[in-house]
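Chemist: coords please:
(chains A and B)
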Amino acid sequence: MSFINKPKVAHPSLPTNALGLTRRQYEGSMSTLCAGCGHDSITAAIIEACWNLNVRPEQLAKLSGIGCSSKTTAYFVSGAHGFNSVHGRMPSIASGANAANRDLTYIGISGDGDSLSIGLGQLVHAIRRNVNMLYLIENNGVYGLTKGQFSASADIGTQAKRGDVNQTPPIDPVLLALSLGATFVARSFSGDKAQLVPLIQAGMRHNGFALIDVLSPCVTFNDHEGSTKSYTFTREHYHPAMEADFVAPADEIAVDYPHGESIPVRLHDGSRVILRKLGASYDPTDRSAAYAFIEQKLKQNEYVTGLVHIDETGSTEFHTLNKTSTVPLNRIPYEKLSPGSAALEKLMGRYR
Amino acid sequence: MPSLISAPDRVNDFVVKFANVNGTGSASANSLIMKAIFRMGVPVTGKNYFPSNIQGLPTWYEIRVTRDAYAARAGRVDIMVAMNAETYTKDVREVVSGGYLIYDSTWPRSALLRRGDITVIGVPLAQLVNERFDGVRNRILLKNVAYAGVLAALLDVDLEVISDLMSESYGKKPKLLDSNTKALRLGYDHAKQHLDCPLPLRVARMDRTRGHIMIDGNTAAGLGCVYAGATVGAWYPITPSTSLMDAFKGFCERYRVDPATGERNYAVIQAEDELAAIGMVLGAAWNGARAFTPTSGPGISLMNEFVGLAYYAEVPCVIFDVQRVGPSTGMPTRTQQADIMLCAYASHGDTRHVLLFPANPEECFYMAVQAFDLAERLQTPVFVLSDLDIGMNDWMCRELKWDEAYRPDRGKMLSAEELAGLDKFYRYVDRDDDAITYRTLPGVNPKGAYFTRGSGHNQYGGYTEDSAEYQVVLDRLKRKFSTAAKYVPKPELTGKGDSKIGILSVGSCDGAVREAIDVLARQNIHVDYLRVRAFPFGLEVESFLSLHATIFVVEQNRDAQLRSLLTLETAVDKSKLKSILSYSGFPMSCEPIVDVIRATLPDAPRLAAVTAKSTR
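Modeler: Alright, predicted model coming up:
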């Protein structure tokens, strides 16, 4: 993410990752969002996470639908292929892309309008299918590009900039994902980079569908008094329940966590997420308990944040269930795909 | 009105129609008879007229025994096997004068089955079966086999051929084979003892089916996808396209599973709807897999938005539209060609698409492969417009052959090495002056990275709202469509090309047109025939239109969609184009074509009416 066009020359003193790349090399084109937009902070967190994970830019696929959030795929990792598809339909593009090449890392960026209204059907089915991807919702409660209509995540009683009060109940993506059996569910806040970066890293390494709902205030249409998605409101009602630290496979755990307070979860690729409990008796591996806790806190107007649920068994991941070839389908040579002329001749017997 | 004249020699030239109840297992008995006749070397066609229902509604199956190998539905019924009392009235009326009706005489003959000019044959089928077999379901199923036995005797179908077919079907289930064989003999022996066998309408061995198979278009198209190297199929179930994906999946289970590891070299995804199905296809194709979706009209309506994206962002994909009767839900189990305009211009904005029109299952197979090659070469969606008649009925066609030398045409796709050698890659720059640009796949080389988008973009792949930059891309897409005209399958010309009258048609009308041409020729009316096999139309279509004074455009829809497309996309004077339309939902027969052409030509020799008006 950049606000000005900077020359792509790296200063020798800039730190590099294991691939010898600087953070600058994970940036994208200049953001065209409003100054102060929460989405730009999320973009910065994605850049940091990709740099930390030593992601090869060409091994990353960035997918989105339509809306302010969906524009952001252009603002990070310009060396990755991007696909800005149609409104609400990124999940199907991601599902097909992942079916064809299981080796890439997929990041889908969506918004509350894109995911919870027009694209709700595709979102829930991508969760059911457990497509291996990070699915990040930049959630601000309004439609920005069409100038401030409520979205399906707007809370009851929240006030629009022009004074309308929302009366229809919101769809909470975290509760939705939990109810559908999602295997990685997190919530965060665009203003909390320290929490967000490890969540993104863990989500990218999770073997299956990883949903992160990021509260990301819209400075232009939803940052006023009376809004429940403003910076002020979010900061005041923000309830971190479970911090996650991401540990890459090669790294030793340098920090000691007090026994009983931390839960290490081993991810598919050998990396680990260390979950640190901030609440008293929270168990992120217990889906029903997580659901009840989040729902109860929502009633008190509190957003539970952190990695609220994880199930790393991975047994329902799309390719695992499909028994897809470990060699990505798009790389299998034609000779292995065609049954050949002799097989066809033999097959003809069935129709004679 | 039924035809009044039956040709004297009716050996290997007649129509048997079976009136059944849906869900009673009649389909297998009916196809048993058809396949047996085919194996006796006699050409046949089979048309299934079934309801949108799983059990209980009337259903019909029509077998045309056709020594001249006509592929069309015949507009008459010579023998009616009336097994559904609910449709007696309709069924008895359909039989031609001098024809036959077979009914189950277990119960007293219905007053509805009274007609002086046909022979009504009663066989106590239920009684025969109930005396020898137990179980309600079993009796229902075996009654069908019993009437197959009766027909075998009446039509002189070789019983041994039928036995062979049954062994092939039930070889691994000896109990089933035994009961089916007994039921077959039951009907056969009863007919031999009590009826005058065979009828004048009968089967005699020929040698006209060698090198041929009986196959439906959906199976052939699914097989074509396997041979084309497609690895990702995404779909939402819809009649009449469902069996295409069933076939693909079945063939993949046979040919695409690694015997050592059990790993699958394919992915079939049942999507939540057609919007997602086409999205998955685009995602997979964007990643370089050959991907497709089979659907029908309502699915195409839903896919429109993504089709526009694929056109504009230039993502190759293959869409099979097995057309059914519209508008809206229409009649899902009836056939039509009414999606031509919908597909040609699918999606909002200026879009035009490549369409392929198979006329039979054989072409479904080869065109499936061609569709993937064209889609990748042209980097655009390609529609294969089949229909229910081609897709779900068994057609006699030549055996499918495969050329081992075939390799997929991946089009202009840059490899990692080619990208490494490039100074800079731009996705939409027309480097070769053929309006087709170079594409790259994710994961290959960071130099190939670009942004695929449906929003306004310039030739460098960047977002734009600049009119000139936008138009550069849009104008190139128009030129690309002209390039497409050079690569798509050429139309097929029949005739010397010197007649003043031409017939231009498409897809499954082919059989009816060919038969009509023969009938007209016997009446000294000679016509040329051009079957278009693709859109955009090429020079051959233009010249056919300009060389003929009158062109009859034969198609199966109400609004003359092919004719409209010709007037929009060629230079033809539209007053030269006369429509012959069939949109009843039944496959076309030759009669309407013959009738209209004869009626339009006042000078044409007036011969005794050999053909009668279609009964529908």
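Chemist: residue numbers of the stretch 101-250 of chain B in contact with chain A?
Modeler: Selection of the stretch 101-250 of chain B residues close to chain A by C-beta under 8 Å from any C-beta of the partner chain yields B:212, B:213, B:214, B:215, B:223, B:226, B:227, B:229, B:231, B:232, B:234. Every residue, glycine included, has its C-beta placed from N, CA and C.
Chemist: phi, psi of the first one?
Modeler: Read it as residue B:212. Main-chain torsions, residue B:212, degrees, to the nearest 10: phi -120, psi 160.
Chemist: in chain A, which spans are helices?
Modeler: Remark: helices assigned in chain A by DSSP state H are A:38-52, A:68-71, A:90-100, A:112-116, A:120-129, A:173-179, A:193-205, A:231-236, A:287-299, A:318-322, A:334-337, A:340-348.
Chemist: follow-up on the earlier one: in strands only, show me the residues of the stretch 101-250 of chain B next to chain A.
Modeler: Counting by DSSP state E, these place B:212, B:213, B:214, B:215, B:232, B:234 in strands.
Chemist: for the fifth one, give me its contacts.
Modeler: It refers to residue B:232. Residues near residue B:232 by C-beta atoms under 8 Å, 6 or more residues apart in numbering or on different chains: A:96, A:99-100, A:329, B:266-267, B:269, B:280-281, B:284-285, B:289-292.
Chemist: ok, those vs residue B:259, which is closest?
Modeler: residue B:266 (14.8 Å; C-beta to C-beta).
Chemist: in which helix or strand does the residue most central in space within chain B reside?
Modeler: Centroid-nearest residue in chain B: residue B:390, 1.6 Å away (criterion: C-alpha atoms, centre = their mean). For residue B:390, the host element (DSSP states H and E) is helix B:388-392.
Chemist: starting at the chain centroid, how far to the next helix or strand along the chain from that helix?
Modeler: Downstream of helix B:388-392, the next assigned helix or strand under DSSP H and E is strand B:394-398. Strand B:394-398 sits 11 Å away from the centroid of its parent chain (C-alpha atoms, centre = their mean, to the nearest Å).
Chemist: quick one: strand B:394-398 to strand B:212-216, angle?
Modeler: With axes from the mean of the first three to the mean of the last three C-alpha atoms, to 10 degrees as the basis, strand B:394-398 and strand B:212-216 are set at 140 degrees to each other.
Chemist: can you give me the domain assignment for chain B?
Modeler: B:13-194, B:215-398, B:416-487, B:492-600 (automatic domain parsing).
Chemist: name the stretch among those that sits most buried.
Modeler: Of all those, domain B:215-398 has the most neighbours on average by mean count of other C-beta atoms under 10 Å in any protein chain shown, namely a mean of 24.
Chemist: and the average pLDDT for it is what?
Modeler: When pLDDT is averaged over domain B:215-398, the result is 98.
Chemist: repeat for stretch A:39-58
Modeler: In this model, stretch A:39-58 has a mean pLDDT of 96.
Chemist: now do stretch B:492-507
Modeler: Stretch B:492-507 comes out with an average pLDDT of 95.
Chemist: what about that stretch, how long is it end to end?
Modeler: End-to-end span of stretch B:492-507 (C-alpha to C-alpha, to the nearest Å): 11 Å.
Chemist: what's the spacing between it and its chain's center?
Modeler: The answer for stretch B:492-507 is 22 Å, by C-alpha atoms, centre = their mean.
Chemist: over to stretch B:228-245?
Modeler: Distance of stretch B:228-245 from its chain centroid, counting by C-alpha atoms, centre = their mean, is 15 Å.
Chemist: let's see the distance spanning it from one end to the other.
Modeler: From its first residue to its last, stretch B:228-245 covers 15 Å (C-alpha to C-alpha).
Chemist: you'd agree residue B:91 is in a strand?
Modeler: No: counting by DSSP: H, G, I helix; E, B strand; the rest coil, residue B:91 falls outside a strand, being helix.
Chemist: what sits against it?
Modeler: Counting by C-beta under 8 Å, 6+ apart, the residues that residue B:91 touches are B:17, B:19, B:80, B:82, B:84, B:101.
Chemist: switch the cut-off to 10 Å
Modeler: The contact partners of residue B:91, taken as C-beta atoms under 10 Å, 6 or more residues apart in numbering or on different chains, are B:17-19, B:58, B:60, B:77, B:80-85, B:101, B:103, B:112-113.
Chemist: residues touching the residue nearest to the centre of chain B, list them.
Modeler: Residue B:390 makes contact with B:71, B:216-218, B:220-221, B:240, B:322-323, B:335, B:357-361, B:363-364, B:507-508, B:510, B:587, according to C-beta under 10 Å, 6+ apart.
Chemist: rerun at 6 Å
Modeler: Going by C-beta atoms under 6 Å, 6 or more residues apart in numbering or on different chains, residue B:390 touches B:217, B:508.
Chemist: now swap in residue B:305 and tell me
Modeler: residue A:86.
Chemist: interface residues of the stretch 301-450 of chain B facing chain A?
Modeler: Proximity of the stretch 301-450 of chain B to chain A, by C-beta under 6 Å from any C-beta of the partner chain, involves residues B:305, B:309, B:399, B:402, B:404, B:408, B:442, B:443, B:445, B:446, B:449.
Chemist: can I assume the fifth one sits in a helix?
Modeler: Think residue B:404. No: under three-state DSSP, residue B:404 sits outside any helix and is assigned coil.
Chemist: ok, it - how many residues close by?
Modeler: Close neighbours of residue B:404, defined as other C-beta atoms under 10 Å in any protein chain shown, add up to 9.
Chemist: for it, report the pLDDT, please.
Modeler: According to the prediction, residue B:404 has pLDDT 97.
Chemist: for the closest residue to it other than its chain neighbours, give its distance to residue B:313.
Modeler: Spatial nearest neighbour of residue B:404, excluding adjacent residues (C-beta to C-beta, 6 or more residues apart in numbering or on different chains): residue A:341 at 5.2 Å. Using C-beta to C-beta, to the nearest Å, one gets 36 Å for the distance from residue A:341 to residue B:313.
Chemist: rewinding a little: out of the ones in strands among the residues of the stretch 101-250 of chain B next to chain A, the closest to chain A would be?
Modeler: residue B:213 (3.7 Å; C-beta to the nearest C-beta).
Chemist: doesn't residue A:351 make contact with the closest one?
Modeler: Yes: Residue B:213 is within contact range of residue A:351, at 3.7 Å (criterion: C-beta atoms under 6 Å).
Chemist: is residue B:272 in contact with residue A:124, as I believe?
Modeler: No: if you go by C-beta under 6 Å, residue B:272 and residue A:124 don't touch, sitting 8.0 Å apart.
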